[in-house]
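Visitor: what follows is a protein structure lacking sequence information:
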């Protein structure tokens, strides 16, 4: 419901937070839309519920039931023994950008996506920003880790540049 400019500012908080987490040697675990609080009266985004974050390196030690909302999880968060790292966090942040910030889904599409219980990006026609930002977000949610941004700050730089393009 927020204007796009406020959603972009809120997304900046997520980028900054996850970049700081990584630089401190941690990886976000169980990071999802329920961990984001927005104070509408002050236009402040707050991150909460970070008690499952782990020191790097870390691995999926639970298999398919690894922490997190399935509709926002990277593929490796469903595979026992898989590396969970910054590229995993890139995926989750990209999924949040689609799911909660700039993907314009109808109520029926939202219901279907919840039933699927897996992440699916919206089409460009349903994206509320420019094509360059769509392409950056799409790269972030690549199923293949090697096709994603390896680091949050790399993703953020590409995101900022994309927002400035026509």
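Guide: That came through fine. Since the model is a prediction, treat every value here as computed from it, not as a measurement.
Visitor: go through stretch 82-98 and flag the buried ones.
Guide: For stretch 82-98, burial by neighbour count (16 or more other C-beta atoms under 10 Å) applies to 82, 84-98. Quick note: C-beta positions are derived from backbone N, CA and C, even for glycine.
Visitor: then stretch 123-131?
Guide: If you call a residue buried by 16+ other C-beta under 10 Å, then stretch 123-131 has these buried ones: 127, 129.
Visitor: likewise stretch 67-81?
Guide: 67-78.
Visitor: distance from that stretch to the middle of the chain?
Guide: Taking C-alpha atoms, centre = their mean, to the nearest Å, one finds the center of stretch 67-81 at 12 Å from the center of the full chain.
Visitor: show the pLDDT at residue 117.
Guide: Among the per-residue scores, residue 117 shows a pLDDT of 64.
Visitor: gap between the residue most central in space within the chain and residue 37?
Guide: Nearest to the centroid of the C-alpha atoms of the chain, with distances taken as C-alpha atoms, centre = their mean, sits residue 93, at 1.4 Å. The gap separating residue 93 from residue 37 is 17 Å, by C-beta to C-beta, to the nearest Å.
Visitor: cool, residue 60 as well?
Guide: Noted for residue 60: a distance of 27 Å to residue 37, by C-beta to C-beta.
Visitor: neighbour count winner among those two?
Guide: residue 60 (21 against 11; other C-beta atoms under 10 Å).
Visitor: surely that one meets residue 73?
Guide: No - Residue 60 is beyond contact range of residue 73, at 10.1 Å (criterion: C-beta atoms under 8 Å).
Visitor: now do the shared contacts for those two.
Guide: Shared contacts of residue 60 and residue 73, defined by C-beta atoms under 8 Å, 6 or more residues apart in numbering, are found at residue 66.
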